[in-house]
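Engineer: build me a model from this:
(chains A and B)
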Amino acid sequence: MSTAPTARPVRGTHDLVGEELRRHRAVAETGRTIAARWGYQEIVTPIFEHTEVFARSLGDVSDIVTKEMYTFTDRGGESITLRPENTAGVCRAVISLGLWQQLPVKLFYYGPMFRYERPQKGRLRQFHQIGIECIGAPEPLADAEVIAAGAHTLEALGVLEATVLELNTLGDRESRARYREALVAYLRGHEARLSADSKLRLERNPLRILDSKDEGDRAIVAEAPLLSEFLNEASRTFYARVKEALDRLEVRYVENPRLVRGLDYYTHTAFEFTTTRLGAQGAVLAGGRYDGLVKTLGGPDVPGVGWAAGVERLSLLLAETPPALRPVAIVPIGEAAEAEAWVLARDLRRAGFAVELAFEGKPAKRMKRADRLGAAVALFLGEEERARGTVKLRLLDSGREEEVPRTDLVARLREVP
RNA sequence: GCGGGCGUAGCUCAGUUGGUCAGAGCGCCAGGUUGUGGCCCUGGAGGUCGUGGGUUCGAGACCCAUCGCUCGCCCCA
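Structural biologist: Down below sits the predicted model:
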């Protein structure tokens, strides 16, 4: 297909329509519904923020900040960035709106995110996430609640069995710092044999080397000191409490001591629901605790836990496409009926039905269209029916027909499945 | 940013060693049925073979570049 630039979507962007849209919507709506049941209220924040919001929160060495953000200077000379994720934006809003005065705040969001990456299956430049954030709760119970709500969301989507929940703790800042030192010291000893990527990570984000896919790296990492050995008492009990609560809620998980997070603001709990069905894009819903983030953004020292899930990825995992709305098709026969059909259509729409009424065409053509649109019912309006004040109702699945008085029509249509 | 694969009608794809190779199925439009869809029959529209160069008497097929898609790395949801 040769396509003019003006007719081509930007690389890594996608139009959503029809079945794909219905799957997408099902994910977003299920997320919203389940979040509401857990007491999480929806928030919609702007899709762009001051660049500083992301630069500060994500850490200035993360890949997202250094090479994946859509950043531009607006006409007022301000540096603006299209959000690459939404935790920072939600925290910023919590500060801006003073929501931290009534803690904990529990928020759900859905919306587009932007990352300049090489597109792949389940990885787009404009993609969508749903997510929840529980801000202001220092208790391990909050971590468990957030994870359980994530599991519930996946269950409601029918994809929980397709995933495994991996769990780890990064400890508090003190534990993490001590571990980081020990890890770097160990890795320095093997630096020569580290992959090129990991040599760079040694400077920028050494914890990331733990989940490297390079075989050589893995061999070295296998002998590396474990984070769990460096946890202080507080971090250790915190983690134990999270696990206890998850056990109580019957949320199944697998501990993965090498699970780390790419973003700097995480502390304590880190978790990831992964699947093997999506190739390299295995993470489907992931998150953790971010106790320092709100303060970093200029707010009070308030803790937080949350997760984000990729809507496109979940949509790919959905077993079935939600059915489309089945309209009622009106088929006028003859000039006079034509005008009357529009009035009938208006009345039925007001009564709550989705109505299809074509602008033109013979009955056969209109019926073909009705069939293609998946109509459940066709209403024939011709001379005979008009004379009798009725309409001929045809059930399109069975082909059965009946004549219904206009006055009974709405009641009769309500009985159609 | 790095490496591999692919790019022919709206969609899924055939196109042998370069020489009627511009095709099929589905879809779409029209008719068969001027009061009725899904099946069937008939006919039709639709492609400068992603784009730009090159090799050749001749390229959809070969070479180069470029754009896009895709898989892996990376990153992450």
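Engineer: in the stretch 101-250 of chain A, what residue is nearest RNA strand B?
Structural biologist: Distances between the stretch 101-250 of chain A and RNA strand B by C-beta to the nearest atom of the strand are smallest at A:Lys121, namely 2.7 Å. The way it works is simple: take the backbone N, C-alpha and C, and place the C-beta from them, glycine included.
Engineer: give the contact list for that residue.
Structural biologist: A:Leu278, A:Gly279, A:Gln281, A:Leu316 (C-beta atoms under 8 Å, 6 or more residues apart in numbering).
Engineer: quick check on those: which are buried?
Structural biologist: Applying 16 or more other C-beta atoms under 10 Å to these, the neighbour count classes A:Leu278, A:Gln281, A:Leu316 as buried.
Engineer: give me the subset of those lying in helices.
Structural biologist: Here DSSP state H is the test, and the buried ones among the contacts of A:Lys121 give A:Leu316 as lying in helices.
Engineer: hmm, A:Arg32 and A:Ile130 touching each other?
Structural biologist: Yes - the criterion here is C-beta atoms under 8 Å, and A:Ile130 meets it with A:Arg32 at 7.4 Å.
Engineer: okay, and the common contacts of those two?
Structural biologist: Residues touching both A:Ile130 and A:Arg32 (C-beta under 8 Å, 6+ apart) are A:Phe108, A:Tyr110.
Engineer: neighbour count winner among those two?
Structural biologist: When A:Ile130 and A:Arg32 are compared for neighbours, A:Ile130 comes out ahead with 25 against 17, by other C-beta atoms under 10 Å.
Engineer: surely that one is in a strand?
Structural biologist: Yes - judged by DSSP: H, G, I helix; E, B strand; the rest coil, A:Ile130 forms part of a strand.
Engineer: residues contacting it?
Structural biologist: If you count contacts by C-beta under 8 Å, 6+ apart, then A:Ile130 has A:Val27, A:Ala28, A:Gly31, A:Arg32, A:Ala35, A:Phe108, A:Tyr109, A:Tyr110, A:Thr153, A:Ala308, A:Ala309, A:Val311 around it.
Engineer: just those that are near RNA strand B?
Structural biologist: Restricting those to those touching RNA strand B (C-beta under 7 Å from any atom of the strand) yields A:Ala308, A:Ala309.
Engineer: just the contacts of A:Ile130 now: which is nearest A:Ala411?
Structural biologist: Using C-beta to C-beta, A:Arg32 comes nearest to A:Ala411 of the contacts of A:Ile130, at 32.8 Å.
Engineer: with just CA atoms, put the helix or strand hosting the closest one into CSV.
Structural biologist: Assigned by DSSP states H and E, A:Arg32 belongs to helix A:18-37. The C-alpha trace of helix A:18-37 is given here as CSV (Å, rounded to 0.1, in the frame of the first residue of the first chain):
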residue,chain,number,x,y,z
GLY,A,18,-14.1,-1.6,15.9
GLU,A,19,-13.0,-4.8,17.6
GLU,A,20,-9.7,-3.4,18.7
LEU,A,21,-11.4,-0.4,20.4
ARG,A,22,-13.9,-2.7,22.1
ARG,A,23,-11.1,-4.8,23.6
HIS,A,24,-9.2,-1.6,24.6
ARG,A,25,-12.3,-0.2,26.2
ALA,A,26,-13.0,-3.4,28.0
VAL,A,27,-9.6,-3.2,29.7
ALA,A,28,-10.0,0.4,30.6
GLU,A,29,-13.5,0.0,31.9
THR,A,30,-12.8,-3.2,33.9
GLY,A,31,-9.8,-1.4,35.5
ARG,A,32,-12.0,1.5,36.4
THR,A,33,-14.8,-0.7,37.8
ILE,A,34,-12.5,-2.9,39.9
ALA,A,35,-10.5,0.1,41.2
ALA,A,36,-13.8,1.7,42.3
ARG,A,37,-14.7,-1.4,44.2
